[in-house]
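1. Got a predicted structure plus its sequence, pasted below:
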Amino acid sequence: MSSMRILIIEDDRDAAAYLVKAFREAGHSVDHAADGVLGYDLAHEGHYDVAIVDRMLPKMDGLALIGALRAQGVETPALILSALGQVDDRVKGLRAGGDDYLAKPYAFSELLARVEILARRSPKGSPEETVYRLGDLVLDRLSHKVTRAGEEILLQPREFRLLEYLMQNAGKVVTRTMLLEHVWDYHFDPQTNVIDVHVSRLRAKIDRDFDAPMLHTVRGAGYMIRDGVR
Amino acid sequence: MTAFAKLFRATAFRLTFAILGLSAVGAGLVLAGVAWQVIKLVDDEMRQTIDAEASGLSEQYDIGGIRRLGAVIEARSRRPGSSLYLLTDSAGEPLAGNVAQMPPDALDHAGFINTIYESADESAPRRRALARIFELPGGFRLLVGHDLADRGRIGAVMIRAMALSLIVFVALAALGALFVARRVLRRIDAMNQSAHAIMAGDLTRRLPVSGSDDELDRLAGGLNEMLARISNLMAGMREVSDNIAHDLRTPLTRLRNHAEDALRGAADPVAYRAALERTIEESDGLIKVFNALLLIARAEAGADRAGMSAFDVGETVASVAELYEPLADQQGAALKVEAARGLFITGNRELIGQAVANLIDNAVKYGAGGVGAAASTRPEIGVTAQREGDMITIEVGDRGPGIPDAERGRAVQRFVRLESARSRPGSGLGLSLAAAVVRLHGGSVRLEDNAPGLKVSVSLPAGAPALPSPAAKAAA
């Protein structure tokens, strides 16, 4: 993952310091604003890959801040951090112009994975392709056909969408909750790790008969699909 | 505020006085009308009398000329009564009569005139009269009239009667207003006192209801129902906080113990790491419990009603079942799904999805290692969704040990983990969360015997239970 410019708008000093440190350790450059107005000014002028916005901020509320940025044509992807984790709060956040929503408390690995995927949506990102290729693995989004080394792999519709999402974000960590959100469109917390079983089924189909595994488990974070050869 | 000032400010009292004022004006108008009619009647009679006397006098004049007329007038003037006469010559000098001189304003007046005359009587020289002047040949003038003192007396009687009846009227109405206002005020004071007692913390108190089923009773009844709902919600809140206190303490203690244990032990990076990992795991578990509790509390308070929209429960059940299918398979059970489509309800898809997930999760956890199933076949977990009349029924049945009849009621309560389930992971909130979500949607949850195993049956009202949505209607 290449380095990103991240803006963190968070008024809690400890939480902000932790985030700044953790993102720097992950190899990104980070700016921090402690209130909404300062955050707006920074986001408006600086060209950030991602903004992480706390929902409740002094001087200017997080949602108002994102709304104001969007009104000014600033399309920097924004992830809303909030202590309000209910479904309708998430809907409100996304409606205000946020691109993703994460309820506190969160695991940093989850936040990092989401931020890295959000950054892809910056204007410099590539347009949507109809065929995803990763090494010898090919996924055709139109014909719903998947082949590896020329051999067709038969997938259930949901397995296809799982692989599609993973390949869309190839080389990046995708967490279990992100998979549940994007593949099943649910935001609740399944009591058992049902996603793991789905992934291991998919893995059995795309990796078992081949030498180089592509679908990797990232401990404590989630999954990543990448070309094992390179 | 004094009692009197309070009484005066009472709405009932003021209203009564307004009505009282209006009716007093009305009664006054009626009485004035009657008085006017009476006076008019008296007036008419006077005019007739004057005309009759004039024609009598004119006959005397015809018989005996001015001399005879003068004598007759002299004679009549001496009789007691309120008739007035004056005969003057061409120079205006009085010849006979009981009026001192012709009223100047009446001279050029042909008909009846209301005028002031100089009486011959010295005690009250200026008096009001109704009179008519007749021209006689030779410049003589004859005035025939009637003193108005009688009419005045009648008017005075009428005014006295009016004033008296008004006083009685006002007094009676004031008493009535006082009575009504005091009665209403006393009841409102009682309600107010109860309200203050309730505000002071006694939520069991209710507003007094008199039993007459009048407006005040209906108001008190409505407020009492509201109070009952509030105290139910308060009880729910108290229960939630009790549960939070009780059931978060245990994992918090464990969390603390792990950390303390690591600090006390040898300074071994591997052990530290393991302890930290356990701490994070434990806190993640805590967050899950906390989120579930919050969700239950919000669902039970009806707070999420705003986020409801129309969606297909059949699709939700199918997709959640599909989510769990590999897990069930891994646990050695077969998940069999029969979900009809087009089962629209108005609700929160996320919450219903979570509820269905919890039910299937339980079935997989407790029902997969079935005792009822033959060893050779895989235990089956059946998930169905179908419409039954106005209701949509979702059933999740397993072949596990089931729940004994006696314990089924307890199983849906928060944190209840039946003896047989103690050793397995879970917060114990899954079923009660599902039940709370279903209740929020106006439905119900029943636990039944699946012979063998447990069958959880959820009924949800089809269509638009809470908020009518055009989408739901169109789809249904």
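-> The structure has been received and is ready for your questions. Numbers count the residues shown, from 1 in each chain, chains lettered A, B, ... in the order given.

2. Kindly export stretch B:277-296 (C-alpha atoms) in CSV.
-> In CSV, the C-alpha atoms belonging to stretch B:277-296 read as follows (Å, rounded to 0.1, in the frame of the first residue of the first chain):
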residue,chain,number,x,y,z
GLU,B,277,-4.6,-10.4,23.3
ARG,B,278,-6.9,-11.9,25.9
THR,B,279,-7.7,-8.4,27.2
ILE,B,280,-8.7,-7.2,23.7
GLU,B,281,-10.8,-10.3,23.1
GLU,B,282,-12.5,-9.7,26.5
SER,B,283,-13.2,-6.1,25.7
ASP,B,284,-14.6,-7.0,22.3
GLY,B,285,-16.9,-9.4,24.0
LEU,B,286,-17.9,-6.6,26.4
ILE,B,287,-18.6,-4.3,23.5
LYS,B,288,-20.8,-6.9,21.9
VAL,B,289,-22.8,-7.4,25.1
PHE,B,290,-23.1,-3.6,25.5
ASN,B,291,-24.3,-3.1,21.9
ALA,B,292,-26.8,-5.9,22.3
LEU,B,293,-28.1,-4.4,25.5
LEU,B,294,-28.4,-1.0,24.0
LEU,B,295,-30.2,-2.4,21.0
ILE,B,296,-32.7,-4.2,23.2
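
3. Any part of that stretch near chain A?
-> Yes: judged by C-beta under 8 Å from any C-beta of the partner chain, stretch B:277-296 and chain A are in contact via B:280, B:283-284, B:287-288, B:291, B:294-295. Where you see a C-beta, it was placed from the backbone N, CA and C, and this is true even at glycine.

4. I'd like to know how many residues surround the nearest residue to residue A:63 once chain neighbours are set aside.
-> Spatial nearest neighbour of residue A:63, excluding adjacent residues (C-beta to C-beta, 6 or more residues apart in numbering or on different chains): residue A:96 at 4.0 Å. Neighbours of residue A:96 under the rule other C-beta atoms under 10 Å in any protein chain shown: 19.

5. Ramachandran angles for residue A:96?
-> When read as degrees, to the nearest 10, the backbone of residue A:96 gives phi -70, psi -10.

6. circling back: want to try JSON lines for the residues of stretch B:277-296 next to chain A, with neighbour count and pLDDT as columns?
-> Output for these, formatted as JSON lines (neighbours: other C-beta atoms under 10 Å in any protein chain shown; pLDDT from 0 to 100):
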{"residue": "B:280", "neighbour count": "14", "pLDDT": "84"}
{"residue": "B:283", "neighbour count": "17", "pLDDT": "85"}
{"residue": "B:284", "neighbour count": "13", "pLDDT": "82"}
{"residue": "B:287", "neighbour count": "17", "pLDDT": "82"}
{"residue": "B:288", "neighbour count": "16", "pLDDT": "79"}
{"residue": "B:291", "neighbour count": "18", "pLDDT": "79"}
{"residue": "B:294", "neighbour count": "14", "pLDDT": "78"}
{"residue": "B:295", "neighbour count": "24", "pLDDT": "78"}
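
7. From residue B:318, how far out is the residue nearest to residue A:63?
-> Distance of residue A:96 to residue B:318, given as C-beta to C-beta, to the nearest Å: 32 Å.

8. ok, back up a step: what's near enough to touch the residue nearest to residue A:63?
-> Neighbour list for residue A:96: A:63-64, A:66-67 [criterion: C-beta atoms under 8 Å, 6 or more residues apart in numbering or on different chains].

9. how deep is residue B:185 tucked in, by neighbour count?
-> Quick note: residue B:185 (other C-beta under 10 Å) scores 19 neighbours.

10. Could you do the one 10 residues further on as well?
-> Counted with other C-beta under 10 Å, residues neighbouring residue B:195 total 14.

11. before we move on, which element is it in?
-> Per DSSP states H and E: residue B:195 is located in helix B:149-199.

12. Now do the SS call for residue B:332.
-> What DSSP: H, G, I helix; E, B strand; the rest coil gives for residue B:332 is coil.

13. Same question for residue A:80.
-> Using three-state DSSP, the structure places residue A:80 in strand.

14. what sits opposite it in the beta ladder?
-> Applying DSSP bridges to residue A:80 gives these bridge partners: residue A:53, residue A:101.

15. Look up the closest residue to residue A:72, ignoring the ones flanking it.
-> Leaving aside its chain neighbours, residue A:72 sits nearest to residue A:44 (6.3 Å; criterion: C-beta to C-beta, 6+ apart).

16. Identify each buried residue in the helix or strand hosting the one you found, please.
-> Residue A:44 is located in helix A:36-45, with elements delineated by DSSP H and E. For helix A:36-45, the neighbour count (16 or more other C-beta atoms under 10 Å in any protein chain shown) marks A:36, A:38-40, A:42-43 as buried.

17. Could you pull up phi and psi at residue B:389?
-> Per-residue torsions, residue B:389: phi 70, psi -120 (degrees, to the nearest 10).

18. What about it, how many residues nearby?
-> Neighbour count for residue B:389, taken as other C-beta under 10 Å: 7.

19. So which bits of chain B are right by chain A?
-> Residues of chain B lying close to chain A by C-beta under 8 Å from any C-beta are B:280, B:283-284, B:287-288, B:291, B:294-295, B:298, B:304, B:306-307, B:319-320, B:322-324, B:326-327, B:329-330, B:348, B:350-351, B:353-354, B:357-358, B:361, B:364-365, B:426-427, B:430.

20. among those residues, which are in strands?
-> Judged by DSSP state E, the residues of chain B next to chain A include no members of strands.

21. Out of those residues, which end up buried?
-> Among those, those classed as buried by 16+ other C-beta under 10 Å are B:283, B:287-288, B:291, B:295, B:298, B:304, B:307, B:319-320, B:322-324, B:326-327, B:329, B:348, B:350-351, B:353-354, B:357-358, B:361, B:364-365, B:426-427, B:430.

22. Can you name every helix or strand that the helix holding residue A:44 contacts?
-> If contacts are counted by 3 or more C-beta pairs under 8 Å, 6 or more residues apart in numbering or on different chains; DSSP states H and E, helix A:36-45 sits against strand A:5-9, strand A:29-33, strand A:50-54, helix A:62-71.
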